[in-house]
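Engineer: My questions are about this predicted structure, shown below with the sequence.
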Amino acid sequence: MTTTHRAVVPSESVPATAVAGAEGNERLTAWTGAALLLGFGAEGLTILDVRWYLKWHILIGYALLVPVALKVATTGYRFARYYTNAPAYRRKGPPRLLLRILGPFMIILTVAVLLTGVGLMVTSGQRHQLEVLHKVSFIAWFGVTSIHVLAYVWRLPQLMIRDLLGRGTPRSAALQRVLLSVGSGAAGLALGVVLLPWITSYVGG
């Protein structure tokens, strides 16, 4: 079993603000991940009868664009800070090797699933090819994401509860993270609502 190797960085050499920043990044990722878990869960329900729930399937897909972008930003930032040798991020260490390998594929597949779904609505040509890509990328995404979720889902309650209790970082910062993750979901829903007339027209057509 692969273990996580943490870089040996003396605690006194890392400023408290940097430690709090790295911890805050991890917790924001957790909040956003929890929101995406609910969002993709709702999207999964529409797949049970996608023709009947096609309008909801498309609307939720658009609503997921914003929180997905936030999740990619938080994980990408941690990746960049770790590999540019930021002490606080080196102290936290990298994910397990398998998850490091799967991470880029999960991001690529998530983007592929969402963009092929958008592509089906905005282009009239190559429709069959896009449908195939959408389905194939979803199947691959589901497999990779299932491993990711099983590896991390047990940590979400711990990170979120610690954040709500103000342990390790200020409660004001925790509130900002909650508002940011909720705000990304609200912005995604707003995007879906704005596009609802177009979605309705597309489904009706």
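Structural biologist: Structure's in. What do you need? These numbers come from a predicted model, not from an experiment.
Engineer: For burial, what's the neighbour tally of residue 123?
Structural biologist: 10 (other Cβ atoms under 10 Å). For the C-beta atoms, the positions are set from N, CA and C on the backbone; glycine is no exception.
Engineer: Over to residue 105?
Structural biologist: 15.
Engineer: Residue 149 now?
Structural biologist: 15.
Engineer: now the strands for the chain?
Structural biologist: All residues of the chain lie outside strands when identified by DSSP state E.
Engineer: Leaving aside the residues adjacent along the chain, what's closest to the most centrally placed residue in the chain?
Structural biologist: In the chain, the residue lying closest to the centroid (Cα atoms, centre = their mean) is residue 71, at 3.8 Å. Once flanking residues are discounted, residue 71 sits nearest to residue 32: 4.7 Å by Cβ to Cβ, 6 or more residues apart in numbering.
Engineer: State the pLDDT value of that neighbour.
Structural biologist: Looking at residue 32, its pLDDT is 94.
Engineer: Please tell me how far the residue nearest to the centre of the chain sits from residue 90.
Structural biologist: 22 Å (Cβ to Cβ, to the nearest Å).
Engineer: Likewise for residue 61?
Structural biologist: Taken as Cβ to Cβ, the span from residue 61 to residue 90 is 37 Å.
Engineer: tell me which strands and helices the top helix by length along the chain is in contact with?
Structural biologist: Ranked by number of residues, the top helix in the chain under DSSP state H is helix 16-47. Judged by 3 or more Cβ pairs under 8 Å, 6 or more residues apart in numbering; DSSP states H and E, helix 16-47 is in contact with helix 54-63, helix 65-83, helix 87-92, helix 127-152, helix 156-164, helix 171-194.
Engineer: List the buried residues for that helix?
Structural biologist: By neighbour count with 16 or more other Cβ atoms under 10 Å, helix 16-47 contains the buried residues 18-19, 21-36, 39-40, 43, 46.
Engineer: just to revisit the earlier point, make a markdown table out of the helices and strands packed on helix 16-47 and add distance to residue 120 and mean pLDDT.
Structural biologist: Putting the helices and strands packed on helix 16-47 into a markdown table (distance: least, Cβ to Cβ, whole Å; pLDDT from 0 to 100) gives the following:
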| stretch | distance to residue 120 | mean pLDDT |
| --- | --- | --- |
| helix 54-63 | 9 | 93 |
| helix 65-83 | 15 | 92 |
| helix 87-92 | 39 | 88 |
| helix 127-152 | 5 | 92 |
| helix 156-164 | 32 | 90 |
| helix 171-194 | 16 | 93 |
